[in-house]
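[1] With the input below, show me the fold.
(one chain, ligands or ions: 2)
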Amino acid sequence: MNTIKIYTNDSEKRENVISGIMKDHVLTYEMLDMILGEYLGSGISRAVFVYKPDIRFVIKVEISSYSANILEWRTWHNFKEDKRISKWLCPIKDISTHGLFLIQKRAKKIEDTSLLPLKLPTFLSDIKSDNFGWIGKQLVMVDYTWLKLKAETKLRTVKWT
Ligand SMILES: Nc1ncnc2c1ncn2[C@@H]1O[C@H](COP(=O)(O)OP(=O)(O)O)[C@@H](O)[C@H]1O
Ligand SMILES: [Mg+2]
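    Ligands and ions are numbered 1, 2, ... in the order given. Predicted coordinates for the structure are as follows:
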């Protein structure tokens with residue numbers, strides 16, 4: 001029996017068309033191929049590619065269940081206003097609705113480990129050269145999923161709502 005689907009709005013129609021496209025592997029591959037550029041590497045949580053629409057950025061694809069993209073995004077938002085901390089973190093530009101894709105500034109790979117500083121701030125963890133890169137002359141962490149978050153215990157006056 002034929003049923004005629006009446007779409008309630010344009011966004012529902014859009015989602016239905018996208019679902020149709022996703023069922024076709026060739027279309028899906030070609031779509032990803034327009035977005036994913038050179039493959040830069042993987043860790044246990046993400047596969048990282050140059051972001052083709054703007055090669056000054058990378059796109060990090062979540063390949064684990066650690067929600068690393070979401071943790072990194074949250075950390076960036078927590079510290080981005082504090083330059084003393086954020087200068088060590090590779091800036092994040094955007095994240096997809098469920099955190100599976102993250103757009104981050106592209107850092108230059110560490111080629112010469114002799115240029116790395118001997119001292120680093122104590123809040124940085126998971127120290128290995130793979131997790132760092134250069135943005136100009138500044139060394140930045142490109143993987144700060146496990147950055148130490150310090151909680152303040154000092155009491156303050158609050159306004160209940
Ligand atoms: N912002 C970036 N710029 C350039 N290369 C990156 C960037 N982020 C990650 N990479 C490369 O991709 C690899 C994996 O990314 P990473 O964030 O460490 O993933 P994971 O969380 O799985 O360890 C890194 O070791 C690095 O080589
Ligand atoms: Mg890593």
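[2] Would you pull up how far the host helix or strand of Asn16 lies from the middle of the chain?
    Element membership for Asn16 (DSSP states H and E) is helix 10-22. Mean-position distance between helix 10-22 and its chain equals 25 Å (Cα atoms, centre = their mean, to the nearest Å).
[3] Which strands or helices does it pack on?
    Counting contacts by 3 or more Cβ pairs under 8 Å, 6 or more residues apart in numbering; DSSP states H and E, helix 10-22 packs against helix 25-35. Bear in mind the C-beta positions are built from the backbone N, C-alpha and C, glycine included.
[4] what's the average pLDDT for whichever helix or strand comes after the helix it packs on?
    Downstream of helix 25-35, the first helix or strand assigned by DSSP H and E is strand 36-42. For strand 36-42, mean pLDDT rounds to 97.
[5] list the buried ones in strand 36-42?
    Buried residues in strand 36-42, counted by 16 or more other Cβ atoms under 10 Å: Leu36, Gly37, Leu40.
[6] One more: stretch 146-159?
    If you call a residue buried by 16+ other Cβ under 10 Å, then stretch 146-159 has these buried ones: Leu147.
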